[in-house]
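Engineer: got a structure for you, letters missing:
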């Protein structure tokens, strides 16, 4: 299976997981000159969650793909998105680790 197809399946599983937790999916696969935001979701409390989806055969493999450089790039992408949409509410960056065993949510990851 093509890498992008695997990514789409992982992102769809991630969206299903977030919906099951009461989140509303605002947007997916948002691109700008700095990078991509996989999922943007709104919590019941009104917090915007920018979600990085990583999938691999194991949890460790997927987590190790969230590097400092990736988070910095994601931070610039998010700032551009917030400016373009004129949003200034509370937000956080999360990760969803998708493996054959399930989905693991890591809330509020930081640079």
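Structural biologist: Nice, I can see it. If you're wondering where the values come from, they're calculated on a predicted model, not measured in any experiment.
Engineer: Any figure for the gap between residue 57 and residue 98?
Structural biologist: Taking C-beta to C-beta, to the nearest Å as the measure, residue 57 falls 11 Å from residue 98. Heads up, the C-betas are built off the backbone N, CA and C, glycines and all.
Engineer: Of these two, which one has the most company?
Structural biologist: More crowded of residue 57 and residue 98, by other C-beta atoms under 10 Å: residue 98, with 23 against 10.
Engineer: Now the strand or helix carrying the more buried one: buried residues?
Structural biologist: Using DSSP states H and E, residue 98 sits in strand 91-99. By neighbour count on 16 or more other C-beta atoms under 10 Å, the buried set for strand 91-99 is 91, 93-99.
Engineer: Just put these in JSON lines and tack on distance to residue 10 and pLDDT.
Structural biologist: Below are the buried residues of strand 91-99 laid out as JSON lines (distance: C-beta to C-beta, whole Å; pLDDT from 0 to 100):
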{"residue": "91", "distance to residue 10": "22", "pLDDT": "96"}
{"residue": "93", "distance to residue 10": "17", "pLDDT": "97"}
{"residue": "94", "distance to residue 10": "14", "pLDDT": "97"}
{"residue": "95", "distance to residue 10": "12", "pLDDT": "97"}
{"residue": "96", "distance to residue 10": "8", "pLDDT": "97"}
{"residue": "97", "distance to residue 10": "9", "pLDDT": "97"}
{"residue": "98", "distance to residue 10": "4", "pLDDT": "96"}
{"residue": "99", "distance to residue 10": "9", "pLDDT": "94"}
